[in-house]
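Chemist: when you get a sec, could you give me coordinates for this:
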Amino acid sequence: MEINDAGQALGNITVDVNQTTGGIPTTYNGQNYLGRSFVIHVQNQPATPVTVRLFITQAEVDAWKLLDPTIDIMRNISVQKYSSNVLEDFDITNNNSGTTLNISPAQLTKLPYQDGYIIEFQVSSFSEFRLTKGTPPPATCLGNGITMTAATTGTIYQWQADTGSGYNNISNGTNYTGTSTATLLINNVPTSISGYKYRCVVDAVNGPDNVLRFILTWTGAANNNWALPSNWSCSTIPDEFTDVVIPTGLTNYPVIANSTSVRKIELQTGTSLNVASGVILDIKGK
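Modeler: Just a heads-up that it's a prediction; the model follows:
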């Protein structure tokens, strides 16, 4: 585990890790959880959000997927944060006397690392953390409005954007509506803004990052031609800024006949992708 304190003096930090026997995932109230949870305590809680990195192994993920085959680390994992003045003791059955915050898949950064994954997110305080299944961010099509909602409620809202050089306030205009409300609507933007970060400052407190991504899902509705728009959700061919998902259970799987670029490709179990001889598929990964 790693903590980026953003220059703040957190004082003494203690980290307790609880792992079930054999790393077997757990189920409570119909919800599945990774077989490892974390309790982090600091001497001084941060005044502004800090970044936390959790490391999980591929073996843990494989065990989790045996319990729930729909688990997808890169798309539908969320972090559940439980805070209580009385009990932060790994026991999910007593998590009813405090406050539970769900950090959604859209607010997490997930990266393959050695024999597992890094799960990165921002928090404004430390307590008990566990990984569970969440709702993946919706596929975002060009021309459709993109909605983001503040993580907390308050009186004064200000949305900010980080386009690569730090956060700055944004205002209503061609691309943004609701910049001083709890809900931001993003319109008429190109895929090249993939990776831009947004956050809502609520009553002078910075909210968590929301990273914008564009996702296209292969449908193969017409045939196996990668370059045919009707074979894709949103009827749009992916470009270098687009994340591609190729799902299971289809009749037609894509064949790439001409060199192309994408940001990322997720090949689900039992799928295929055929790249013709001499053709280059450039996966940018940025």
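
Chemist: wait, a helix at Ser192?
Modeler: Yes - residue state for Ser192 (DSSP: H, G, I helix; E, B strand; the rest coil) corresponds to a helix.

Chemist: from Leu212, how far out is it?
Modeler: The spacing between Ser192 and Leu212, counted by C-beta to C-beta, to the nearest Å, is 11 Å. For glycine as for every other residue, the C-beta is placed from the backbone atoms N, C-alpha and C.

Chemist: of those two, who's got more company?
Modeler: More crowded of Ser192 and Leu212, by other C-beta atoms under 10 Å: Leu212, with 19 against 11.

Chemist: surely the more buried one touches Ile193?
Modeler: Yes - taking contacts as C-beta atoms under 8 Å, Leu212 lies within contact range of Ile193: 6.3 Å.

Chemist: what lies in contact with stretch 101-112?
Modeler: 73-83, 117-123, 134-137, 151, 208-211 (C-beta atoms under 8 Å, 6 or more residues apart in numbering).

Chemist: would you mind measuring from the closest residue to Ile92 other than its chain neighbours to Ile56?
Modeler: Excluding the flanking residues, the one nearest Ile92 by C-beta to C-beta, 6 or more residues apart in numbering is Tyr28, at 4.9 Å. Here the criterion is C-beta to C-beta. By it, Tyr28 lies 19 Å from Ile56.

Chemist: more neighbours, the two?
Modeler: Ile56 (22 against 13).

Chemist: and that one, which of the three is it?
Modeler: The three-state label given to Ile56 by three-state DSSP is strand.

Chemist: quick check, pLDDT for it.
Modeler: Looking at Ile56, its pLDDT reads 91.

Chemist: tell me the domain ranges of this protein?
Modeler: 2-133, 146-211, 214-283 (automatic domain parsing).

Chemist: need the distance between the two termini of the longest one.
Modeler: I take that to be domain 2-133. 22 Å (C-alpha to C-alpha, to the nearest Å).

Chemist: kindly report the same for stretch 15-29.
Modeler: 26 Å.

Chemist: for the record, mean pLDDT for that stretch?
Modeler: Stretch 15-29 shows an average pLDDT of 82 in the prediction.

Chemist: buried set for it?
Modeler: Thr20, Gly23, Pro25, Thr26 (16 or more other C-beta atoms under 10 Å).

Chemist: OK, contacts around the closest residue in space to Ala6 that isn't next to it in sequence?
Modeler: Distances taken as C-beta to C-beta, 6+ apart put Val50 closest to Ala6, at 5.3 Å, once the chain neighbours are dropped. Contact partners of Val50, counting by C-beta under 8 Å, 6+ apart, are Ile3, Asn4, Asp5, Ala6, Gln8, Leu10, Gln122, Val123, Ser124.

Chemist: and these, which of them are buried?
Modeler: Looking at these with 16+ other C-beta under 10 Å, the buried ones turn out to be Ile3, Leu10, Gln122, Val123, Ser124.

Chemist: from those, which two are the most distant?
Modeler: Leu10 and Gln122 (14.3 Å; C-beta to C-beta).

Chemist: how about the helices of the stretch 1-150 of the chain, start to end?
Modeler: Secondary structure of the stretch 1-150 of the chain (DSSP state H, counting those that start in this stretch): helices located at 58-67.
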